[in-house]
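1. requesting a structural model of the entry that follows:
(2 chains)
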There are 2 protein chains.
Amino acid sequence: MNITRLSTQQADFDAKLGKLLAFEETADEKLEATVAAIIADVKGRGDAAVLEYTRKFDRLPLADAAAMELPKSELKAAFEGLPADQKNALQQAAQRVTSYHKKQVQVSWNYLDDDGTMLGQQVTPLDRVGLYVPGGKAAYPSSVLMNALPAKVAGVAELIMVVPTPEGVKNPLVLAAAYLSGVDRVFTIGGAQAVAALAYGTETIPKVDKVVGPGNAYVASAKRRVFGVCGIDMIAGPSEILVICDGKTDPDWVAMDLFSQAEHDELAQAILLSPDAAFIEAVASSANKLLERMPRKDIIKTALENRGALIHVADMDEACRISNRIAPEHLELSVGDPQTWLPKLKHAGAIFMGRYTSESLGDYCAGPNHVLPTSGTARFSSPLGVYDFQKRSSLIQVSPKGAQKLGEIASVLAFGEGLQAHAQSALYRKGQ
Amino acid sequence: MNITRLSTQQADFDAKLGKLLAFEETADEKLEATVAAIIADVKGRGDAAVLEYTRKFDRLPLADAAAMELPKSELKAAFEGLPADQKNALQQAAQRVTSYHKKQVQVSWNYLDDDGTMLGQQVTPLDRVGLYVPGGKAAYPSSVLMNALPAKVAGVAELIMVVPTPEGVKNPLVLAAAYLSGVDRVFTIGGAQAVAALAYGTETIPKVDKVVGPGNAYVASAKRRVFGVCGIDMIAGPSEILVICDGKTDPDWVAMDLFSQAEHDELAQAILLSPDAAFIEAVASSANKLLERMPRKDIIKTALENRGALIHVADMDEACRISNRIAPEHLELSVGDPQTWLPKLKHAGAIFMGRYTSESLGDYCAGPNHVLPTSGTARFSSPLGVYDFQKRSSLIQVSPKGAQKLGEIASVLAFGEGLQAHAQSALYRKGQ
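-> Predicted coordinates for the structure are as follows:
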């Protein structure tokens, strides 16, 4: 396996790093037109259109619209039918994710100013949320927990899950995770038609306020298109890991951490930064040694050879600067003193600190969310959280005394902007 | 003036309300193509393209790229040249908006679980933000304060403002507001070319992490297109006000409050809900009486006749239910006991409570932000705030003891998902 080596000493390092990181999705006009047509059709014809697309794309001939819904008893049975170790692992993961997310709950606040005017914000949960869960191979129960539990912690009253079941094949772990997360209703539909049904509502599928969850290119395009009609979470790019290592972690561990990102997808990106040139070669050797035993070795090899890199840096300070430029989704700080370097790290979806904190522990069960900003968007966005399922209304209650002072300020500014009704409305409150 | 009257007693009320609220932007394919071409050109040619478009669209022949930037001394001079009342009003508004927004600052947090594993989130400001300010008639200094001050409170290090100055005409109030808000650099460019320059950076314009601020259809389209390359704030629809009144506020006040929204734009929407049929007619009379003296009467009349409504409701409970369905940008609760009804109001950008709280006081100086979700998006989104200029990184530092337990859970789930590198990476940490 030939993984690119770079060094910050190279004169053209900046350009090379830029090229390595470059990733722009190409717009597929045919896909866009297909998705636009499906959305318009579902908006116009509701259930009938959803049933037709489900028959066509998922080869699932549902008898009628009611047959789209899975009974709750089936979710429960899926959970109860799991082997004990899986049942236990799902339960413990759910409990830890719930505990962590409870710390994120935002609460309403207000205060009185000197004139007795009340100012604040009222925080309320979204009423109803739709959760998209992919079918087939990429069906991850952990993804159900990570999307559903923050919504439940936020107090969302109704959580509607959609999951395609091509040819009727269901994933028991996914259904079990839905049961455990308190998902309220599950419909076996997928693709752009499922996103459209959630955004606009049909006779059977309730209209939601926000659609979250991962999906393929059709799902991503549909989410972009319905944004505004309802809310959406982020649109994720390929997964990424950046490991910063002082050279003292077991190279097998670091190689396996790079693999754990690379095995997701041939477009996934795994990068190592280290000031220790010998360690970099040790990780490369570990990677070559370990590759053969990995069932997903072809995907790992392609990802690491095409988009991976082992980068020699001058020191840890430089590693932190480069990390801030990359703004990685997952950042492993595999060093003895992670707290020393944390203040220098500005942009990352999640920071895995210390040698014991493999990214995979965070993916499943440490507590924090595994839905994280990709492609450098950690510069301006955050992990999925309870705050994504709450919203705020500003509160203002002006006292009669406050109306005197505020009426004066507002009317001067409103006249300055040529908005006389604004000015007059303010002046009325000060008795003019 | 003929404002639509509706009553919830009408059999077809739901359908009529739905029709009244319906607003969907029509996609303008020519505009979209123009914007796509401008963005590609600015991305490819940088300053040269920006200068060309500025010459063409703003009829502003800048000598060179450096001439795009306004010296800070010019901002200061604009502020110092203002009449005393305007200077004072801007200062007081800025001070109040700053005080309020300081309550929104989010801080980093973490905790140790029973195994000594540290979990938390690190909250950091965005590095650099771009603020779009429209030129010409819709140039509102209050908008500069409302967008710039939350960014500054969040700790954004560099705030870059762009404002078109067609034919070189500058708005002193806007420049004064930029000075007062601590805007770091100002460039006299606008349109899609300015958004593209901020998103991708040029030789002269620094690349930013997020673009905020209102703009015309070209600016809105450009913001949608650069989303992902950088962050954006919301894309605002026409402004809206919903007044709920118990019938005991001066009808002139309520009529003027409806005007203050209607005067923005012929597409603006102003709706009154009241259980008092006689009061509704009194407000209609006030509106007819007051209209003639309004300089923007043509806009007000068009907006109220086309998109306004006076709605008779059975009681205050019903008014709250209808308000939740509308999810208005601005909600005036013009009643004697607003605290009684507040818990029933779930969706609104801002709630103006009590008879003294005209929406215009909140627009300018009460403290809360005037950038609010429109078109029913208050169901899932929030006012612009400090939180829009901060982002979070999850923190995880697993203890050796925690790695035992978490490694077990994660490996079971990872094997269940067929991700063996994830599983192995977790198992290494428990010594396997």
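2. for the residue nearest in space to the middle of chain A, which non-adjacent residue is closest in space?
-> Geometric centre of chain A, nearest residue: A:Val371, 3.1 Å, by CA atoms, centre = their mean. In space, not counting the residues next to it along the chain, A:Val371 is nearest to A:Leu384; the distance is 3.7 Å by CB to CB, 6 or more residues apart in numbering or on different chains. Bear in mind the C-beta positions are built from the backbone N, C-alpha and C, glycine included.
3. all helices of the stretch 51-200 of chain A, in order?
-> Remark: helices of the stretch 51-200 of chain A, listed N- to C-terminal, are A:72-80, A:84-102, A:141-154, A:172-181, A:191-200; assignment by DSSP state H, counting those that start in this stretch.
4. establish whether the first one and chain B are in contact.
-> No: legend: contact between helix A:72-80 and chain B by CB under 8 Å from any CB of the partner chain is lacking; minimum distance shown is 12.9 Å.
5. what about that helix, average pLDDT?
-> When pLDDT is averaged along helix A:72-80, the result is 97.
6. chain center to it: distance?
-> Chain-centre distance of helix A:72-80: 27 Å, with CA atoms, centre = their mean, to the nearest Å.
7. convert the C-alpha atoms of that helix to CSV, please.
-> Only the C-alpha atoms of helix A:72-80 are listed here, as CSV (Å, rounded to 0.1, in the frame of the first residue of the first chain):
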residue,chain,number,x,y,z
LYS,A,72,-44.8,-0.9,17.2
SER,A,73,-44.9,-4.5,18.2
GLU,A,74,-42.6,-5.4,15.4
LEU,A,75,-40.0,-2.9,16.7
LYS,A,76,-40.3,-4.4,20.2
ALA,A,77,-40.0,-7.9,18.9
ALA,A,78,-36.8,-6.9,16.9
PHE,A,79,-35.2,-5.6,20.1
GLU,A,80,-36.3,-8.6,22.2
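8. can you give me the buried ones in that helix?
-> Within helix A:72-80, the residues scored as buried using 16 or more other CB atoms under 10 Å in any protein chain shown are A:Leu75, A:Ala78, A:Phe79.
9. enumerate the residues of the stretch 201-350 of chain A near chain B.
-> Proximity of the stretch 201-350 of chain A to chain B (CB under 8 Å from any CB) is limited to residues A:209-210, A:228, A:230-231, A:235, A:250, A:252-253, A:256-257, A:259-260, A:262-264, A:294-296, A:300, A:331, A:338, A:342, A:345-350.
10. sort out for me which of the residues you listed are in helices.
-> Of those, the ones assigned to helices by DSSP state H are A:Asp252, A:Trp253, A:Met256, A:Asp257, A:Phe259, A:Ser260, A:Ala262, A:Ile300, A:Pro338.
11. ok, the first one touching A:Leu290?
-> Yes: at 6.6 Å, A:Asp252 and A:Leu290 qualify as touching, with contact defined as CB atoms under 8 Å.
12. what segments of the stretch 151-300 of chain A are strands?
-> Read by DSSP state E, counting those that start in this stretch, the stretch 151-300 of chain A holds these strands, from start to end of the chain: A:158-162, A:185-187, A:210-212, A:231-232, A:240-245, A:269-274.
13. what's in contact with the shortest one?
-> Counting by CB atoms under 8 Å, 6 or more residues apart in numbering or on different chains, strand A:231-232 makes contact with A:Leu126, A:Asp209, A:Lys210, A:Val211, A:Val212, A:Lys223, A:Arg224, A:Val226, B:Thr377, B:Arg379, B:Phe380, B:Ser381, all of which sit outside it.
14. ok, now the second one?
-> Contacts to strand A:185-187, defined as CB under 8 Å, 6+ apart, come from residues A:68-70, A:75, A:158-163, A:175, A:178, A:194, A:197, A:204-206.
15. that strand pairs with which strands, parallel or anti?
-> Sheet pairing here is set by DSSP bridges, and for strand A:185-187 it gives strand A:69-70 (antiparallel), strand A:158-162 (parallel).
16. any chance of those strands in TSV, plus mean neighbour count?
-> Listed next are these as TSV, based on neighbours: other CB atoms under 10 Å in any protein chain shown:
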stretch	mean neighbour count
strand A:69-70	18
strand A:158-162	24
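17. reformat these as a markdown table; add distance to A:Gly136.
-> Output for those, formatted as a markdown table (distance: least, CB to CB, whole Å):
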| stretch | distance to A:Gly136 |
| --- | --- |
| strand A:69-70 | 17 |
| strand A:158-162 | 14 |
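18. picking up where we left off before, ok, of the contacts of strand A:231-232, which one's closest to B:Gly120?
-> When these are compared for distance to B:Gly120 (CB to CB), A:Val212 comes out closest, at 22.8 Å.
19. surely that closest one is in contact with A:Leu384?
-> Yes: when contacts are counted by CB under 8 Å, A:Val212 is listed as touching A:Leu384 (7.1 Å).
20. what touches both of these two?
-> Between them, A:Val212 and A:Leu384 share these contacting residues under CB under 8 Å, 6+ apart: A:Asn147, A:Asp233, A:Val371.
21. so which one among those has the lowest pLDDT?
-> At the low end of pLDDT for the shared contacts of A:Val212 and A:Leu384 is A:Asp233, which has 93.
22. what's the closest non-adjacent residue to that one?
-> Taking CB to CB, 6+ apart, and ignoring the residues beside it in sequence, A:Asp233 has A:Val212 as its nearest neighbour in space, at 4.1 Å.
23. deepest of the helices of the stretch 51-200 of chain A, which one?
-> helix A:191-200 (a mean of 28; mean count of other CB atoms under 10 Å in any protein chain shown).
24. how distant is that one from the center of its chain?
-> Using CA atoms, centre = their mean, the distance from the centre of helix A:191-200 to the centre of the chain it belongs to is 19 Å.
25. please apply the same query to stretch A:171-180.
-> Stretch A:171-180 has its C-alpha centroid displaced from the chain centroid by 19 Å (CA atoms, centre = their mean).
26. what pLDDT does the model give A:Ala423?
-> pLDDT recorded at A:Ala423 is 96.
27. A:Gly431 now?
-> A:Gly431 is assigned a pLDDT of 85 by the prediction.
28. please apply the same query to A:Gly228.
-> Per the predicted model, pLDDT is 88 at A:Gly228.
29. contact partners for the residue of the stretch 1-150 of chain A found nearest chain B?
-> Per CB to the nearest CB, the residue of the stretch 1-150 of chain A with the smallest distance to chain B is A:Ala89, at 3.9 Å. By CB under 8 Å, 6+ apart, the contact set of A:Ala89 is A:Cys365, B:Glu408, B:Ile409, B:Val412, B:Leu413, B:Gly416.
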